[in-house]
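Novice: Sequence and predicted structure below; questions after.
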Amino acid sequence: MATATLEPAVDPAALFEFLARIGDNALILGHRVSEWCGHAPALEEDIALANTALDLIGQTQLWLGLAGEVEGKGRSADDLAYLRDGFEFRNILMVERPNGDFGKTLMRQFLYDAWHYLLLKSLKGSTDRRIAEIAEKAFKEVSYHLDRSRDLVIRLGDGTAESHRRMQEALDDLWPYTGEMFVADAVDTRLAEAGVIPEPQSLKAGWDEIVADALAEGTLKKPADGYMHKGGRRGVHTEHLGFVLTELQFLQRGYPGAVW
Amino acid sequence: MSNEWPLWEVFIRGQHGLNHRHVGSLHAPDAEMAVNNARDVYTRRNEGVSIWVVRSSDITASAPSEKGPLFDPSNSKVYRHPTFFDIPDEVGHM
């Protein structure tokens, strides 16, 4: 029985909250990236972005599947993805930002990948075996995502005058959304104490290093840390999530229970 | 120089021990990105364990117009096939 592996000290409600957060990040970013399908500037980039989106949707299935199991109310990953309202989503605000141009999509991807990579690396050692197993699989995928987005951010940053300008604008625009990745609340603290997840703040130094190196190589200027937007992790979203969900959930809302 | 990225030919090795096989071509600004693009375009269904890329312009090909002189002479040299040997029964299947 899967629940037998639960550490008795861990509150299932806190665990569900964490799994919804990590699962919703993957779902919403995966959806955003999939919006490029058929629209990317080159066929090769189009397929690469679709691959990334599919990796993220695959991870969503695992995280939200486990979330439903932990919750114990019989909700599947699909139920959680397609039948929750906006305020029940727990993704950070950065992943629901509109794609913007190709450079901005890649910049968001890089800022997220660097964090996602470090998070999964740590989760591979989670005291919850099910989380460690999902992290093990996702880590390989995300290592490649980071290689790719990092490489492209450097190339476009250190590219033409126009690509440089666009990448710097993207960075300046997205920077105020990066702080939410490192904020901790009671859920994080409780799970970190049980060794299930890392303290969010503990990932900051590594992230700063990966980001600073790539920006320097791409001749981009790291913005100053000012006001940071947050709220997504407790269900307070920007208007953009509503538009994402309208499209993402349309089929199940319009034709309840429809299956392949 | 045109704005198009150069063309690369992609070779994938399907399993250890097999040869790299030509699978197609793609565009990329340099070799490193050509390998990445090849990974994304040609190994999505678990097709490979190794990728080679080479710029299409670096391949020297035989001219189709010389097909006759190049290949026809070997048509009539059946003795070059090892089909004139009697295989002893003890050898079994070859």
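Specialist: Yep, that arrived. Note that the structure is predicted; figures quoted are calculated from it, not measured.
Novice: Identify each of the helices in chain A and give its residue range.
Specialist: A:12-34, A:43-71, A:77-82, A:93-96, A:102-123, A:129-157, A:161-174, A:186-193, A:204-217, A:239-248, A:250-254 (DSSP state H).
Novice: right, and those - which one's nearest chain B?
Specialist: Closest to chain B of the helices of chain A is helix A:43-71 (CB to the nearest CB; 4.0 Å). Glycine gets a C-beta too; all of them are placed from N, C-alpha and C.
Novice: roughly how far out does the closest one sit from the chain middle?
Specialist: How far helix A:43-71 lies from its chain's middle: 10 Å, per CA atoms, centre = their mean, to the nearest Å.
Novice: wait, does it contact chain B?
Specialist: Yes - judged by CB under 8 Å from any CB of the partner chain, helix A:43-71 and chain B are in contact via A:43-44, A:47-48, A:51.
Novice: Neighbour-wise, which one of those leads?
Specialist: Tallying neighbours with other CB atoms under 10 Å in any protein chain shown puts residue A:48 at the head of the residues of helix A:43-71 next to chain B, with 25 neighbours.
Novice: How much space separates that residue from residue B:91?
Specialist: Distance, residue A:48 to residue B:91, by CB to CB, to the nearest Å: 51 Å.
Novice: The stretch 51-200 of chain A against chain B: which residues are in contact?
Specialist: When proximity is defined as CB under 8 Å from any CB, the stretch 51-200 of chain A approaches chain B at A:51, A:144, A:147-148, A:151, A:155.
Novice: hmm, back to that, now render the residues of helix A:43-71 next to chain B as CSV, adding distance to residue A:86 and pLDDT.
Specialist: Shown next, in CSV, are those (distance: CB to CB, whole Å; pLDDT from 0 to 100):
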residue, distance to residue A:86, pLDDT
A:43, 34, 93
A:44, 35, 93
A:47, 31, 95
A:48, 30, 96
A:51, 28, 96
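Novice: Let me see the contact set for the residue nearest to residue A:33 when sequence neighbours are not counted.
Specialist: By the measure of CB to CB, 6 or more residues apart in numbering or on different chains, the closest residue to residue A:33 outside its immediate chain neighbours is residue A:53, 4.0 Å from it. By CB atoms under 8 Å, 6 or more residues apart in numbering or on different chains, the residues touching residue A:53 are A:30-31, A:33-34, A:36-37.
Novice: Of those residues, keep whichever come out buried.
Specialist: A:30-31, A:33-34, A:36 (16 or more other CB atoms under 10 Å in any protein chain shown).
Novice: Run a quick neighbour tally on residue 75.
Specialist: Here I'm looking at chain A. Applying other CB under 10 Å, we find 16 other residues in the vicinity of residue A:75.
Novice: actually it's chain B I care about, not the one you picked
Specialist: Neighbour tally, residue B:75, other CB under 10 Å: 7.
Novice: just the helices in chain B please.
Specialist: Per DSSP H, chain B carries helices over the ranges B:31-42, B:67-71.
Novice: okay if I get those helices as TSV plus mean neighbour count, mean pLDDT and distance to residue A:95?
Specialist: Listed next are the helices of chain B as TSV, based on neighbours: other CB atoms under 10 Å in any protein chain shown; pLDDT from 0 to 100; distance: least, CB to CB, whole Å:
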stretch	mean neighbour count	mean pLDDT	distance to residue A:95
helix B:31-42	20	95	21
helix B:67-71	10	88	57
